[in-house]
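1. Please find the sequence and the predicted model below.
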Amino acid sequence: MLLDEEFLEACYQYLTSARPIQSIEHLKGREKALRQLVEAIDAPGRHAFIYGDRGVGKTSLAHTGAFQAQSSQDAPIIVACDNQSSFSSICSAIVRRLLDLNPLETKGYKISGGIGAFGASANLGLERPASKQDIKITDVNDAVYWFRKATERINFDPIVIIDEFDLFPIIVEHDHFSGLIKQLSDQCIPIKLIFCGIADSLDQLFRAHESTHRYIHAEHLERLTLGKCMEICDDASVGLRIEVPNHLRYRIAQISDGFPYYVHLVCEKMFRSAHSDKKVAVDQECFDFAINQAIDSIEPRLKKPYENSVHKNTKNSEPILWALANDKLLDVQVSNIWRHYDEICATLKIDKINKANFTTKLNNLSKPQYGEILVKPRRSYYTFNEKMLRGYARLRCAREGYDPGPENPGA
C-alpha cells in the first residue's frame, strides 16, 4: 500500500478532474484525434478548432497536442475567453505572454533617432519591453503587426490555445478572428492557434469568412466509449495499487456517460475513500461514498440549473430527468422516456404520476420559467440543453439506487 504522500502524487497523476490532461499516456480514446491535431499543427499555415459537448475533453486534447508539438523547453501559451473578453483583450494577452511582459509595466520601447554624418538613423532600444499600454490592438492589422513583432523576438514557433471560445460574448468579433487566421497563414507568421469551443462557435467562425475552413483543421470530439472510460479507472487502479471489482468499474463507466470529467471525479473520490480506510480493494461502501462526494463537488455551473429546475417544477419531476438520461440515445422520444420513467418508479418504489401529468411536467422542463434544461430537437422528442447535465442526472439516479441504462451511443 502506498504512503499518503505517494498516494496523493499518484492520484493527481492519473485522475485530473480539476485540470486538463497534458500527457499522452493518460489521454484515453483520443489517439486518432491527437495524431490528426499534431499533424495539423505541424502543417504550414494550418490552425485547429476542437469542438464538442462540454466535458468531453477538448481542453485536454488541446493541451496534450500542443505540448507534444511544442519544443520541450517552450510551453504553449494558454488564454481563456469569458463573457468580458474581446478580440483586443485576447490578442493583447497573447502578445504579452509571447514577450513575457508585466501587465503593470508602464515603460515601453526606447526609440531614438537623429541626423548624423551618414544621414538619418533610428534605434529601437530594448532596455525595457513594450508595456500593456503600448500594445494597442483594435483590428486584424494591429494584431498581425504585434504577432509578427513578437515572433521575431523569440527563438521558437509558438502554439497558442484559445480556450472556451464559445463564451466569447461579441459574435460580430468572430469576423476579426477568422480574418486573423487567414492573415497569419497568408503572411507566413509562425504562430499556431488552437481554439476550443462548441459547434456553434465553429460555425460562426466559418460564416465570417467562407475561406476560413481552408486554414482550419476541425476536430469533433465525441464522448468516450464505455471501454475507454474503464481504461481510465484501470490505469488509476494499477498506479494507486488498489483493485476495483469488475462490476464497479463497469458501473462507473456506465454512469459517467462518456464524459471523462465524471470518470475522473468519481474515481478520485472512490480511491481516496479506499486509501483512507486502508483497503487494498474498492468495495460498495467506497463506491457509494464516491457518488455522494462527486455530486456534492460538481461544479455549480451544472448543479445550479439542474436543482433550480427541479425545485421550480416540484421534486417529483426529477425521476423524469433520470428517465431521459437513462436512454442510450441523446434525443429521446416521449414514449421511451415514459417507459424508462415507469421502470425507475417501480424499482425505487416512487409514486408514479399519470401520463398526462408526466407529459406536462416534461414539457415544462423545456420552458424558461422552469429552467429550460431540456430542449425539443423535433416533435415528441426531448434532450438535455447542456449534455453534461445528462451525466449529472445519471449520478443522482445512481445515488438513489437505480443503475442508469446502457452506455453512451459511441460505446
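-> All right, it came through fine. Numbers count the residues shown, from 1 in each chain.

2. contacts, neighbours, all on C-alpha from now
-> Will do.

3. Any regions of the chain where pLDDT drops low?
-> Applying pLDDT under 70 to the chain flags residues 71-73, 101-133, 200-201, 204-205, 208-210, 314-315, 406-411.

4. at 80 what do you get?
-> Counting by pLDDT under 80, the chain shows low-confidence ranges at 17-18, 71-74, 101-134, 169-172, 199-211, 299, 301, 312-316, 405-411.

5. export the top helix by length along it as CSV, just CAs?
-> Longest helix in the chain by number of residues (criterion: DSSP state H): helix 260-276. Taking C-alpha atoms only, helix 260-276 is exported to CSV below (Å, rounded to 0.1, in the frame of the first residue of the first chain):
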residue,chain,number,x,y,z
PRO,A,260,-14.1,11.8,-18.8
TYR,A,261,-14.8,14.6,-16.2
TYR,A,262,-17.2,12.3,-14.4
VAL,A,263,-14.9,9.3,-14.6
HIS,A,264,-12.0,11.2,-13.1
LEU,A,265,-14.2,12.7,-10.4
VAL,A,266,-15.9,9.6,-9.2
CYS,A,267,-12.7,7.5,-9.3
GLU,A,268,-10.7,10.1,-7.4
LYS,A,269,-13.3,10.1,-4.6
MET,A,270,-13.6,6.3,-4.6
PHE,A,271,-9.8,5.7,-4.4
ARG,A,272,-9.3,8.3,-1.7
SER,A,273,-12.0,6.6,0.4
ALA,A,274,-10.4,3.2,0.0
HIS,A,275,-6.9,4.6,0.8
SER,A,276,-8.2,6.4,3.8
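
6. Spit out the contact partners of A294.
-> 265-266, 269 (C-alpha atoms under 8 Å, 6 or more residues apart in numbering).

7. What is the nearest of those to F147?
-> Comparing these against F147 with C-alpha to C-alpha places L265 closest, at 38.6 Å.

8. count of neighbours near the closest one?
-> Counted by other C-alpha atoms under 10 Å, the residues lying close to L265 total 22.

9. Spatially nearest residue to it, not counting backbone neighbours?
-> Residue nearest to L265 in three dimensions, not counting chain neighbours: S17, with 5.3 Å by C-alpha to C-alpha, 6 or more residues apart in numbering.

10. Look up how far G57 lies from the one you found.
-> Remark: distance between S17 and G57 (C-alpha to C-alpha, to the nearest Å) = 10 Å.

11. Neighbour count for the two, which is higher?
-> Just comparing S17 and G57: by other C-alpha under 10 Å the higher neighbour count belongs to G57, 26 against 18.

12. Could you give me the buried positions within the helix or strand that H174 is a member of?
-> Using DSSP states H and E, H174 falls within helix 174-186. Residues of helix 174-186 classed as buried: 174-185 (neighbour count, 16 or more other C-alpha atoms under 10 Å).

13. try stretch 47-60
-> Those would be 47-60, for stretch 47-60 by 16+ other C-alpha under 10 Å.

14. So which of those residues belong to helices?
-> Per DSSP H, the buried residues of stretch 47-60 map to helices at 58-60.

15. where's Q333 relative to D296, distance?
-> 31 Å.

16. Next: R396.
-> R396 is 10 Å from D296, by C-alpha to C-alpha.

17. Compare the two (neighbour count), which wins?
-> R396 (20 against 11).

18. Grab the nearest non-local neighbour of that one.
-> With sequence-adjacent residues excluded and distances taken as C-alpha to C-alpha, 6+ apart, R396 is closest to I295, at 7.0 Å.

19. where's that neighbour, which helix or strand?
-> Here I295, judged by DSSP H and E, is contained in helix 284-297.

20. Check W322 too.
-> Using DSSP H and E, W322 falls in helix 318-325.

21. From the contact counts, what lies against that helix?
-> Applying 3 or more C-alpha pairs under 8 Å, 6 or more residues apart in numbering; DSSP states H and E, one finds that helix 318-325 contacts helix 334-348, helix 388-399.

22. just checking, S256 touches L395?
-> Yes: S256 lies in contact with L395 (C-alpha atoms under 8 Å); the separation is 7.4 Å.

23. between those two, which one's more packed in?
-> More crowded of S256 and L395, by other C-alpha under 10 Å: S256, with 30 against 27.

24. now the angle between helix 388-399 and the helix holding W322, please.
-> Going by axes from the mean of the first three to the mean of the last three C-alpha atoms, to 10 degrees, helix 318-325 is angled at 120 degrees with respect to helix 388-399.
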